[in-house]
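Chemist: coordinates only, sequence not included:
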């Protein structure tokens, strides 16, 4: 289970950045509070979403994306494995 803290969000953002994705905060009306721009490796997060929604959206994208574990260090790989094995309980 992921804790709802800024540190968790930063870990998720760093995980995506290490995997080659750009993370941007923009205003918008996204249903999931984040989206992946047509396979361009850019993740856009609604900057008006609250912390819970941001974490849920980024973790959901991390769970769905095909991230190469070879790009990650041991801690990030374990974190990604944890995300993929558990469902968010917010």
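Modeler: Alright, I've got the coordinates. From a predicted model like this one, the values you see are computed outputs, not experimental measurements.

Chemist: in this structure, which ranges drop under the pLDDT threshold?
Modeler: Low-confidence segments of the chain (pLDDT under 70): 1, 30-36, 87-90.

Chemist: let's see it at 80
Modeler: Per-residue confidence for the chain (pLDDT under 80) gives these ranges: 1, 28-39, 86-90.

Chemist: next, name the residue at the spatial heart of it.
Modeler: Geometric centre of the chain, nearest residue: residue 58, 2.6 Å, by CA atoms, centre = their mean.

Chemist: that one against residue 11, yeah?
Modeler: No: in this structure residue 58 lies outside contact range of residue 11 using CB atoms under 8 Å: 9.7 Å. Where you see a C-beta, it was placed from the backbone N, CA and C, and this is true even at glycine.

Chemist: quick one: the helices in this structure?
Modeler: With helices called from DSSP state H, the chain shows them at 6-18, 51-64, 74-85.

Chemist: need those helices in TSV (columns: distance to residue 42).
Modeler: Output for the helices of the chain, formatted as TSV (distance: least, CB to CB, whole Å):
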stretch	distance to residue 42
helix 6-18	10
helix 51-64	11
helix 74-85	19
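
Chemist: hmm, back to that, excluding chain neighbours, what is closest to the residue nearest to the centre of the chain?
Modeler: Leaving aside its sequence neighbours, residue 58 sits nearest to residue 12 (CB to CB, 6 or more residues apart in numbering; 4.4 Å).

Chemist: ok, now how distant is the one you found from residue 80?
Modeler: Here residue 12 is placed at a distance of 10 Å from residue 80 (CB to CB, to the nearest Å).

Chemist: cool, residue 51 as well?
Modeler: Plainly put, residue 51 is 20 Å away from residue 80 if you go by CB to CB.
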